[in-house]
Structure formats: structure tokens, C-alpha cells
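Asks: Build me a model from this:
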Amino acid sequence: MTHAKESLTLLYRGSLSSCNYACEYCPFGKTAFDVEALKADSLELERFVNHIEQGQYADLSLMFIPWGEALIHKHYQQAMIRLSRVFAIRTVVTQTSLTVRPDWLRDSHAEKIAFWCTFHPTQTTLDAFLSRLDVLNVRSIRYSVGIVGRDDFYDVGLQLRKKLPPHVALWVNPLDDDIDAYTPDRIKQWSQIDPVFSHTAKKRLTKDTKCRCGTSVFTVSGNGDMRRCPFVNEIIGNLYENEIPTITEHCPNEQCNCYIGYAHWESDSFRDMYGDNILVRSAKS
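Replies: Residues are numbered from 1 along each chain as shown. Next up, the predicted model:
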């Protein structure tokens, strides 16, 4: 039986590997829908939720990080509703393009639900995206909004910033395979939309540095295998079979290029910026 651990964060990634969008800059949109993979994913997620509901954790934050869009599938909607009712859970977060109106949230404990909502201008309109955000506003759901830092998205990004409530964070994701293309002038430009873009659009050399991944933050796969983070393949335990492990070694990777990894890097200041909202990617409450 897995032992409880204070202030534990689990990043869950099951077998889901498809998306209903087809953004050319995103690997999620290049994976074909697989019925069998979806069935496996549903069974895996049911097992995971059942495990969390057993109540052996004292203080738990969860984030779903699938290789695709989760919330078009009812088993993820139901999982978020059920998990929001677990006393020990601080927050349950998922990445989403918000393509389905989140009316299903009526059955959740809203104070524990949170979203990263990414706007993809080639796949939907600004008005349609904002109308789905209105559902979150009405239900007082915490969320942040993202957009990819492509030059052709800049103007609509400015429009989005103007139409969002002032307290809602709008973050710009740099194109990781072209990070050197963000010149000081481009960084200054994007910072008009995202004030912390200069802190995001840089290389992070992480080898042999300290990270919370492996001590209080772990990635869990559909079968329960645990890794220190999504970007290190070594399996260090199994959620359903072993105690929560602790990894004392420092980061083995040369670089970390994704927020879901470097948000937990000890040498960075995102925890100072976001506090308990670090998974939501928004300002401190």
C-alpha cells in the first residue's frame, strides 16, 4: 500500500494519445485516434481515481498531462468531478483546448477544479473560445489561458488579452524547437501580452541541479509506473505496489524545456510567482 506523503503532486499521463484539433505545431494533433487506446485509458483512469479515493494521502495536488485533449472524453470529466470531492485533494488540474462547453462542471466542487485553457487560433474563433471561458467565470473555476508564441498569433493574442478579465493570467508558450529565434525585440513584444515571457523563453540548463521532481512531484503512467518527471524515462516505483519513492539524485537531463517540468526546478522562481497556484500557472491567491 502506498504511504501518504505531505504536499504530494502527481502528474498523470495515461494511454490517451489523440486530439480533436490538428495544430501543425503540436505533436498531439499528429496522432491518430485509437479506439483500443481510449478503452485502455478509461480503465487506467478508473483505477487511478479509485486509488486516490481510498484516502491514503494527506495533501495531494493532481494534474492530467495527456498526449492529447482529455476533456472531450466523459471519463476525464467524471474523473475530475470525483477527484474534486476527495477531501485531501488541494487541486485537480488539466490542460485543455476547451473545445467542449464545460457545463459538466455543475456536479463538481468548483473550488478544487482548475484548467490551463489554450487558445488555438487556427482551430477555433476567439468569440467561441471566450464563450466557453464564460462558463468557467460563472462557476468561479480557476483557470489560466495560453497561446503559442508564433508571430502570426500576436495580433489575436493582443485581442485575447484585452477581452480576458484582468486577473486571468495569459501566458505565451514559446516554440521550443525555435527558442533561439526569440530575439530581445521579440521577447519585449510578446511581454506586452505575457509579462513573464522573458522568464519563459530561455534555455534552462538543468543537469545536476535540484528539482522537486522525484521528491514531492512525480509522474504516474496509466499502469501506475512512477517516474521523477515526464522527461526522465527511468521507472522508480509503482503507485499501486510500492511506497512513494524519494530520489536524491539531481536532474539527469541537460535541459528542461516544458513548464510542467521546470515549474518544479529549485533554481527557478515560478513557485515564488504562483505559490499554491503553480499547477494552474496563475498568480498567488
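Asks: can you tell me which residues contact the closest residue to Ser131 other than its chain neighbours?
Replies: Nearest residue to Ser131, sequence neighbours excluded (CB to CB, 6 or more residues apart in numbering): Arg101, at 7.9 Å. Heads up, the C-betas are built off the backbone N, CA and C, glycines and all. Counting by CB atoms under 8 Å, 6 or more residues apart in numbering, Arg101 makes contact with 131-132, 135.
Asks: May I see these organised as TSV, with neighbour count added?
Replies: Below are the contacts of Arg101 laid out as TSV (neighbours: other CB atoms under 10 Å):
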residue	neighbour count
Ser131	12
Arg132	18
Val135	16
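Asks: quick one: which of those is nearest to Leu71?
Replies: For the contacts of Arg101, the closest approach to Leu71 (CB to CB) belongs to Arg132, at 10.5 Å.
Asks: ok, that closest one to Phe119 distance?
Replies: Going from Arg132 to Phe119 by CB to CB, to the nearest Å gives 10 Å.
Asks: repeat for Ser221
Replies: Taken as CB to CB, the span from Ser221 to Phe119 is 29 Å.
Asks: what about those two, which has more around it?
Replies: Phe119 (24 against 18; other CB atoms under 10 Å).
Asks: ranges for the helices of the stretch 151-285 of the chain?
Replies: Here the stretch 151-285 of the chain has its helices, by DSSP state H, counting those that start in this stretch, at 154-163, 184-190, 197-200, 259-262, 270-274.
Asks: Mean neighbour count added to those, as a markdown table?
Replies: Formatted as a markdown table, those follow (neighbours: other CB under 10 Å):
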| stretch | mean neighbour count |
| --- | --- |
| helix 154-163 | 15 |
| helix 184-190 | 14 |
| helix 197-200 | 18 |
| helix 259-262 | 21 |
| helix 270-274 | 16 |
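Asks: now for the ones you listed, which one comes closest to Asn253?
Replies: Ranking the helices of the stretch 151-285 of the chain by proximity to Asn253 (CB to CB) places helix 259-262 first, at 8.4 Å.
Asks: quick one: contacts of that closest one?
Replies: 11, 63, 65, 173, 200, 204, 206, 211, 213, 229-231, 256, 268, 270, 281.
Asks: Confidence-wise, which of the residues you listed comes last?
Replies: Ranked by pLDDT, those bottom out at Asp268, which has 75.
Asks: so what's that one up against?
Replies: With CB under 8 Å, 6+ apart, Asp268 has these contacts: 204, 262.
Asks: Out of the helices and strands in this structure, which is least certain?
Replies: In the chain, no helix or strand scores lower on mean pLDDT, DSSP states H and E than helix 270-274, which sits at a mean of 79.
Asks: next one: phi and psi at Asn253?
Replies: phi -90, psi 150 (degrees, to the nearest 10).
Asks: Doesn't Leu10 belong to a helix?
Replies: No - applying DSSP: H, G, I helix; E, B strand; the rest coil, one finds Leu10 to be strand, outside a helix.
Asks: got the contact list for it?
Replies: So Leu10 contacts 60-63, 217-220, 239 (CB under 8 Å, 6+ apart).
Asks: Just the residues contacting stretch 67-85, thanks.
Replies: Stretch 67-85 is contacted from outside by 13, 16-21, 27-28, 31, 38, 41-42, 45-46, 48-49, 52-53, 62, 64, 66, 89, 92, 94-100, 102, 104-105, 107-110, 112-113, using CB under 8 Å, 6+ apart.
Asks: The same query, at a cut-off of 6 Å, please.
Replies: Stretch 67-85 is contacted by residues 16-20, 28, 42, 45, 49, 64, 89, 92, 94, 96-97, 100, 104, 107-109, 112-113 when judged by CB atoms under 6 Å, 6 or more residues apart in numbering.
Asks: Can you give me the end-to-end span of that stretch?
Replies: The first and last residues of stretch 67-85 sit 26 Å apart, counting by CA to CA, to the nearest Å.
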